[in-house]
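I would like the atomic coordinates for the input below:
(one chain, ligands or ions: 1)
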Amino acid sequence: MNFRGKIIKLFFFIFLACIFFNSHVVFANTNEKPEKKILILNSYHKDVKWSDDIIDGIKSSLKASDIKFDLHVEYMDTKNFYGETYIKSLYEMYKSKYKTSKFDSIISTDNAAFDFLREYSKDLFPNTPVVFCGVNYFKDSMLQNNSLFTGVVENIPIKETLDLALNLNKNTKNIIIIVSNSDTGKATRNALNDILPYYVKNFNINFTITEKFPLVTDNEELEQHSKDTIALLLSGYTTNYQDNIMTEKDGDIILNDSPIPVYVCWDFLLNHGVIGGKLLSGKSHGEVAGLLASRVLMGIQPSSIPVVKNSESQYIFDYKQLAKYSIKSTSLPNNSVINNLPIKSYTIPTQLIWFFVILIITLLSFLILNISERREAKAALIESEDRLRTLINTFPALICLKDSKGRWVETNKAAIEFFNLHPILWKGKTDKELLELNNVYIDGILKYQNFDNLAYKKTKVTKHTEMFKKDNEEEKILEIIKMPIIDSKNNSKSLLVIGQDITGLVKAQENKRLLNELVAYENLRTEFFANLSHELRTPLNVILSALQYVELIHENYDEHQHYSLDSYKKYTSIMKQNSYRLVRIVNNLIDITKIDSGYFELNLENYNIVEVIEEISLSVASYAETNGLSILFDTDVEEKIIACDANIIERIMLNLISNAIKFTDSGGQISINVYDLSDAIQISIKDTGIGIAEDKQASIFERFVQVDKSLSRNREGSGIGLSLVKSLVELHGGTIELVSGLNKGSNFIISLPVYVIPNKDIKLYSDTVNHLSSEEKINIEFSDIY
Ligand code: ADP
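Just a heads-up that it's a prediction; the model follows:
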């Protein structure tokens, strides 16, 4: 090999290396390990819009089919390099490059790749199905020995675009068709030979078919024919001054400067100065190819998938170019798409603009006025709210507004302090929630929630007191007013609660009451002691006087002198009587003290109470008679056994009878009756005496009370008799009541429960130790009576 031959060989290998590295993996499904390996054999180089769009379409169909794929693109670059030698060298290169590669499918774009695969696929990629697209001038015979081929034909809508162009440009006489001399270009020229005679014959059109783009150099000549000449750009981006491929930028300048309308058949040429036409879309074309490839990848035999021969196309136009050549959009075919439509603008009459300006200004003024008024109103509202808040906060009473569900909506400082709610967000919480959070007054609150419920139901104001107690703290008392706030339908919407701490007031009232009681008691005691000392002193004075008299008799005793035996008897009797009085007073005092201190014990035995009462009544009958009174005893039952202390019953009876004698004038009558009420026995001691005024009746059983308190009263007494009687009756489980009126006599009615001590004999009253047979007892109990 000579030096020149070596250089050529070196260049050839460098060239092959360039081609090799020009092919690369352009897409890989990143998420998953690819399952289907696909090779796209692209007739051209990268950045050819048509074939790039086709690849986009293929990808979108494959993605939609959910097939996991690994896509490789091999660029044949036949726009730059062509000829048999080149194709052969590609074959050599692919043979070494894909020696070990196995693809699940190959997709070819455009004629060069299709033709290459028809020739070499069996050798390079044996048994690999091929899906072709972008193939012009397809004939079924092309697939005679290629059963693994299917695909979609690229039918260039030349005829449709020519018809459209002639329709839009009625004066057309010349049509310049730009078509390259590439393989595709040559095939296009063949197709044109079939189409053009029709137009020559029917429309008398003069066609110029040229490889070079004439629109720059021949501009002046073209301008002369601009009214009757149009162009159809099919392929060949070459200019007539340069044999290189025209770039998009160059194309833009040339086409934009063109004095005649240029029609095209592919959408990728739009927006570069052409009018438009019936356009093929690379993306839609690729989508069809991708769809066919996905079917092949799913295992369908290519021979059973028919070749798609009708490629989709659409009327698409550039508005700017339509305007440039005064073509109305109304004359375009139905369903045409117009790009770059201008944004519509309207001319509005000046008066109308002024009208709206004034209207807007007026409305704005109103709005501003309104806003400022509202602002003022709001400020006034805030001020008034502040005032109100200050007012309720300075109010010493507790104020709380609750909603219909008992949740706190508003409150004041006094309430917050009373319930110790400082650290708590009280708004929207119920009493229970609040006080549980704070752990105070929980018991009280639960109790008083019932009052809330009642208040909600009412339409009137309710008032009551509520008491709150915290551990180790004094009870607090609130006077509470609950006022339901009702809506027009009389439903309670909320509840206003106002509480006033009246703990101090109540305590003061209680203290006052206690003080009054104490004063009254002290008065009573003072009275009692004054009375008692009078009671004690009187008999003592009488005794002392009588004793003096008896001593006098003794001192002056003279055998010869007669002294009056009667006088002696009289004075000793006076001394005795008054000694009894003293004994009685002392007895009563002792008993009362015993009862008060709980040491008084009954000696209960089973007695016939009728016999006991009758015996007592008989015993005192003669005594009463000496006072000019008669005693009548009557009973509706002969025998009634009850458990009682006969000595105490005696004390009760003698006390009441002595009072009856004391307060009944001579000639009166004392009736003693026993009534059997089955489970109770009733004893009535009724006199016809002075009676007791109604207003005094309630207090006569109280200790130290006498109706006539004057020391100069007619009747003697200590004011403890009835109090003692009541206590003694009650010790028996009975009651005592008085029926009387001033000057209507008095009737003391005792009721004793009928109760028998089991397994105990009935005791006879006459067998009772100290029973009334001893006259001394009567003397003692009746010692008040003179
Ligand atoms: P006293 O020892 O003064 O009689 P009592 O407690 O027995 O005390 O009686 C209290 C007062 O009740 C008497 O002072 C008298 O005013 C009135 N009283 C009691 N019994 C009668 C009665 N039978 N008739 C009228 N007044 C009576």
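
Go through stretch 191-205 and flag the buried ones.
Neighbour-count burial for stretch 191-205 flags 191, 192, 196, 199, 205 (criterion: 16 or more other C-beta atoms under 10 Å). Heads up, the C-betas are built off the backbone N, CA and C, glycines and all.

for the stretch 351-500 of the chain, what spans make up the strands?
398-403, 408-411, 462-468, 476-486, 492-501 (DSSP state E, counting those that start in this stretch).

how would you label residue 739: helix, strand or coil?
Look at residue 739: counting by DSSP: H, G, I helix; E, B strand; the rest coil, its state is strand.

cool, and residue 638?
coil.

name the element residue 89 belongs to?
helix 84-97 (DSSP states H and E).

What average pLDDT does that helix get?
Mean pLDDT, helix 84-97: 94.

Just give me how far that helix sits from the chain centre.
In terms of C-alpha atoms, centre = their mean, to the nearest Å, the centre of helix 84-97 is set 78 Å apart from its chain centre.

List the buried residues for it?
Buried-residue list, helix 84-97, by 16+ other C-beta under 10 Å: 86, 87, 89, 90, 93, 94, 97.

Listing partners with orientation, what would you give for the helix or strand just after that helix?
Downstream of helix 84-97, the next assigned helix or strand under DSSP H and E is strand 105-109. Applying DSSP bridges to the sheet, strand 105-109 is found paired with strand 36-42 (parallel), strand 130-135 (parallel).

Would you mark the buried spots in strand 105-109?
For strand 105-109, using 16+ other C-beta under 10 Å, the buried residues are 105, 106, 107, 108, 109.

restrict those residues to those near the ligand?
Among the buried residues of strand 105-109, no residue lies close to the ligand (C-beta under 6 Å from any ligand atom).

which one of those residues sits closest to the ligand?
Proximity of the buried residues of strand 105-109 to the ligand (C-beta to the nearest ligand atom) peaks at residue 105, which lies at 131.0 Å.

What residues does the closest one make contact with?
Applying C-beta atoms under 8 Å, 6 or more residues apart in numbering, we find residue 105 in contact with 36, 38, 39, 128, 129, 130, 131, 293, 296, 297.

same thing but at 6 Å, please
38, 129, 293, 296, 297 (C-beta atoms under 6 Å, 6 or more residues apart in numbering).

Please tell me I have it right and the fourth one contacts residue 132.
No: using C-beta atoms under 6 Å, residue 296 is not in contact with residue 132; the gap is 11.4 Å.

Show me the strands in the stretch 51-200 of the chain, by range?
69-75, 105-109, 130-135, 149-153, 174-178.

can you redo these as TSV with mean pLDDT?
Formatted as TSV, these follow (pLDDT from 0 to 100):
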stretch	mean pLDDT
strand 69-75	93
strand 105-109	95
strand 130-135	93
strand 149-153	94
strand 174-178	89
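
out of those strands, which comes closest to residue 740?
strand 69-75 (122.9 Å; C-beta to C-beta).

Near residue 549, how many other residues are there?
By other C-beta atoms under 10 Å, 17 other residues sit near residue 549.

Number the chain from 45, please
Renumbered: residue one is now 45, and that last one reads residue 593.

pLDDT-wise, which helix or strand of this protein ranks last?
Ranked by mean pLDDT, DSSP states H and E, the helix or strand of the chain with the weakest confidence is strand 68-72, at a mean of 39.

Looking at the most centrally placed residue in the chain now. What's its pLDDT?
Central residue of the chain (C-alpha atoms, centre = their mean): residue 472, 10.1 Å from the mean position. Per-residue pLDDT puts residue 472 at 87.

Over to residue 644?
So, for residue 644, pLDDT stands at 87.

now residue 46
In this model, residue 46 carries a pLDDT of 46.

Kindly export stretch 504-514 (C-alpha atoms) in PDB.
C-alpha atoms of stretch 504-514 as PDB (Å, rounded to 0.1, in the frame of the first residue of the first chain):
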ATOM      1  CA  LYS A 504     -87.300  33.900  84.100                       C
ATOM      2  CA  VAL A 505     -84.500  34.900  86.300                       C
ATOM      3  CA  THR A 506     -83.600  32.400  89.100                       C
ATOM      4  CA  LYS A 507     -81.900  33.200  92.300                       C
ATOM      5  CA  HIS A 508     -80.300  30.900  94.800                       C
ATOM      6  CA  THR A 509     -77.200  30.400  96.900                       C
ATOM      7  CA  GLU A 510     -74.300  28.200  96.000                       C
ATOM      8  CA  MET A 511     -71.600  27.100  98.400                       C
ATOM      9  CA  PHE A 512     -68.100  26.300  97.400                       C
ATOM     10  CA  LYS A 513     -65.500  24.700  99.600                       C
ATOM     11  CA  LYS A 514     -61.900  24.100  99.000                       C
END
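
Quick one: residues in contact with that stretch.
In contact with stretch 504-514 (C-beta under 6 Å, 6+ apart) are residues 484-485, 488, 492, 499, 519-527.

With stretch 452-468 instead?
Counting by C-beta under 6 Å, 6+ apart, 436-437, 439-440, 442-447, 470, 473, 481-482, 484 sit against stretch 452-468.

Most neighbours out of these, which is it?
Top of those by neighbour count (other C-beta under 10 Å): residue 446, with 24 neighbours.
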